[in-house]
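# Next input, structure requested:
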Amino acid sequence: MFDRLKKLLGRASSPASFSDEDYDRWYELKRRGLEYVLGPMYEMVSHGVIPFFLGGRLDIYFFPGPSGGTALVSMELIEPNGSGPKRSKIGTYELIAFTKHWIGDEAARQAFDVMLPRLS
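The predicted structure is shown next:
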């Protein structure tokens with residue numbers, strides 16, 4: 001699907017092209033790894049209106065902590081082959097941020113509304 005969107009909007013595919021199945025498998029592996037460390041992923045995802053690969057903002061995935069607080073995680077920076085948008089001395093990376101606010105708390109909604117645009 002992503003390759004079709006890139007072609008439609010005039011962006012060339014990356015040299016290492018991945019199928020939708022590759023991305024689905026990669027997403028599932030990332031999710032399982034993150035859930036092993038952070039606990040179960042929240043059912044809501046903050047999607048960018050414009051996809052990240054087209055210059056939009058990152059999708060943010062939420063992992064509520066067992067005693068309050070939430071981890072906010074990107075899951076689209078590292079490609080299935082391990083490449084990412086920027087290489088550093090430690091390799092490629094995903095973004096993770098923590099807040100004391102719990103994602104399921106309606107009273108914390110304003111805090112998330114301020115936070116999310118700054119993260120992506």
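# all contacts plus neighbour counts: C-alpha atoms, from now on.
Will do.
# Could you give the bridge partners of the nearest residue to Pro64 once chain neighbours are set aside?
The shortest distance from Pro64 to any non-neighbouring residue, by Cα to Cα, 6 or more residues apart in numbering, is to Thr70 (4.2 Å). Thr70 forms beta bridges with Pro64, Thr99, as assigned by DSSP bridges.
# all strands for this protein, in order.
Assignment of strands within the chain using DSSP state E yields the ranges 45-46, 60-64, 70-74, 96-99.
# Tabulate those (JSON lines), appending mean pLDDT, distance to Val114 and mean neighbour count.
Output for the strands of the chain, formatted as JSON lines (pLDDT from 0 to 100; distance: least, Cα to Cα, whole Å; neighbours: other Cα atoms under 10 Å):
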{"stretch": "strand 45-46", "mean pLDDT": "92", "distance to Val114": "13", "mean neighbour count": "14"}
{"stretch": "strand 60-64", "mean pLDDT": "95", "distance to Val114": "14", "mean neighbour count": "23"}
{"stretch": "strand 70-74", "mean pLDDT": "94", "distance to Val114": "13", "mean neighbour count": "22"}
{"stretch": "strand 96-99", "mean pLDDT": "92", "distance to Val114": "12", "mean neighbour count": "14"}
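# do you know how far Pro85 is from Glu35?
Distance, Pro85 to Glu35, using Cα to Cα, to the nearest Å: 24 Å.
# now swap in Leu58 and tell me
With Cα to Cα as the criterion, Leu58 and Glu35 are 19 Å apart.
# if we can go back for a sec, switch the strands of the chain over to TSV; also include distance to Ser17.
Below are these laid out as TSV (distance: least, Cα to Cα, whole Å):
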stretch	distance to Ser17
strand 45-46	25
strand 60-64	24
strand 70-74	21
strand 96-99	26
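# neighbour count winner among Leu58 and Glu35?
Leu58 (24 against 13; other Cα atoms under 10 Å).
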